[in-house]
Each structure stands twice: as C-alpha cells, then as structure tokens.
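Trainee: Sequence plus the predicted model coming up.
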Amino acid sequence: MWKYLVLSICIWGSIGILPSDTGAFDLEIVTEEWAPYNYKNGDVLTGFSVEIVRAIIAELGEKHEIHLYPPARSSMMIEKMPNVMKFSWFRTPAREKNFKWIGPISQDAVYFYKKKGDQRVFKTIEDIKRADNITVPHRGLILKHVEALGITNITKIPNKEGQFLHLFRGEADLCVNSTPLGIAYYLEMLNMPADALVQTQVKLLEFPLYIACSKAIPDSVVTKWQEALDRVKASGQYKRIYDKYLN
C-alpha cells in the first residue's frame, strides 16, 4: 500500500499540482512575445503585464518563475497541462469555459492615430473612411475589425515600424495598430518624440487582457491571485507601472 501511495505522490508531484516547499501552489507561468506587454529586452523578460504579474507574486509572498515561449507552445501547455497560467490573453467567448480567469490585468483600447500637426478632425468611422490612406497590420484581430467596418482605404503592412513610417513620410493619413502603451513603445523604438502621434476620437476596439488558468488549478488559488491583483490596483502600484510604460 505504501509503495502505491509513494508512486502516486511522485506522479502528481511531477506534473506540478502539489504545493511547493514554500507552501505556494506549484505553477507554470507562461507568456509569449508581445511588446510592450510581455517581451524580452536582450535576455531580460520585461513588459507591462510581466511587471503586473510579478507584483501579484510579490503581494502573495510567493516565488514563481515566468517563462516566455512561442505562442503555439504556451497555448498547448495551458490546454494540456494541469498547473499552467498564461498571460496576456484575450478572454473570448470561445475560451471562456475552457479556463479559469484572473483579471483583467489590462483594459486597453485601439484608436486611430494621426500625425502631429494634422489639423483634420476624425470623430466617426465615416470620417475615417474619407481619409486617403490608412496603414493597418496585414493580418490579425485589428485587420479583421477594420474590414468588418467596411473600411477599404487601407494599406496592409506586416510590421508596426513600417506602418508608422508610412504615416510620418506622408504616405498615409492615419494608422491603427496598437494600444496607447504600444504607441508609446514603438515611438521610443523609432526615436520619435512621445507626442509625434495624436490619438483621434475614433476607437476601433476595446479589449481586456487576462491571466488564463488551467481548469485543474483550485478555485482557492485563482481567488487568492485575484484578490492580490485587486490589492495591487488599490495600492496605486498598478497605476505607477502603467504610467511608466505610457510615458
């Protein structure tokens, strides 16, 4: 009997669902490359969401490593393994019942942007449609929303740097590709002033980002993490991290 008990403990421990030596639940916390939320700067994993998750871990008084993997691998891990948390992830209807959720860790929106000094006013989608040219990503969620709105005056460009450069060179009137945090990040990468782009009044979409959890993670652990996130927000630490990436 003892032999089978020891074997069971080894099996369950090997897949990471026993508490660690510190008393914290043993978690595999993963993310993927998506600046400025989660990305590697050299060999250092950083980003807005990374700092928020680390703040939660510190608030809990626990120790967990965060690993950056390709999207396909991190998605496979949370779908197949019992002890995985993944961020920053969209909480979509298709995913809702497959995971448990902590968050939101970010509540951001994507707007259309114009170049500083452009005196034109863009208030509605109809205003957007009257622009000569808009740079957009060549695939993905933003492109799908643009096309769904019947906006056809677009140029699809694979990288954000190219999308911004088209606008700065006068080859486009508007660009739509990122959140305010993303805009700040890419302007810095391009050595452009922080006010080189102006946010119009037209919002393309709004989305919350969450930490998704494997269904096998106990509700008590999810609740503990949610409460820690709420405390990070209430303390003002969340806003300080957000302002750091915005400015």
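Mentor: That came in fine, so what should we check first? Computed from a predicted structure; not experimentally measured.
Trainee: quick one: what helix or strand has Phe87 in it?
Mentor: Here Phe87, judged by DSSP states H and E, is contained in strand 84-90.
Trainee: Buried residues, the helix or strand following that strand. List them.
Mentor: Downstream of strand 84-90, the next assigned helix or strand under DSSP H and E is helix 93-96. Within helix 93-96, no residue counts as buried by 16 or more other Cβ atoms under 10 Å. Where C-beta positions appear, they are placed from N, C-alpha and C, glycine not excepted.
Trainee: what residue lies at the spatial centre of the chain?
Mentor: What sits nearest the mean C-alpha location of the chain, by Cα atoms, centre = their mean, is Ser88, with 3.8 Å.
Trainee: Who are the contact partners of that one?
Mentor: 31, 34, 37-38, 49, 105-106, 209-211 (Cβ atoms under 8 Å, 6 or more residues apart in numbering).
Trainee: Let me have these in TSV, extended by secondary structure.
Mentor: Formatted as TSV, these follow (DSSP: H, G, I helix; E, B strand; the rest coil):
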residue	secondary structure
Thr31	strand
Trp34	strand
Tyr37	coil
Asn38	strand
Ser49	helix
Ile105	strand
Ser106	strand
Leu209	strand
Tyr210	strand
Ile211	strand
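Trainee: In JSON lines: those, plus neighbour count.
Mentor: Putting those into JSON lines (neighbours: other Cβ atoms under 10 Å) gives the following:
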{"residue": "Thr31", "neighbour count": "25"}
{"residue": "Trp34", "neighbour count": "16"}
{"residue": "Tyr37", "neighbour count": "26"}
{"residue": "Asn38", "neighbour count": "23"}
{"residue": "Ser49", "neighbour count": "27"}
{"residue": "Ile105", "neighbour count": "23"}
{"residue": "Ser106", "neighbour count": "19"}
{"residue": "Leu209", "neighbour count": "23"}
{"residue": "Tyr210", "neighbour count": "22"}
{"residue": "Ile211", "neighbour count": "27"}
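Trainee: what sits against Lys156?
Mentor: Going by Cβ under 8 Å, 6+ apart, the list of residues near Lys156 reads 136-139, 143.
Trainee: Next: Ile157.
Mentor: Contacts of Ile157 (Cβ under 8 Å, 6+ apart): 135-138, 163, 166.
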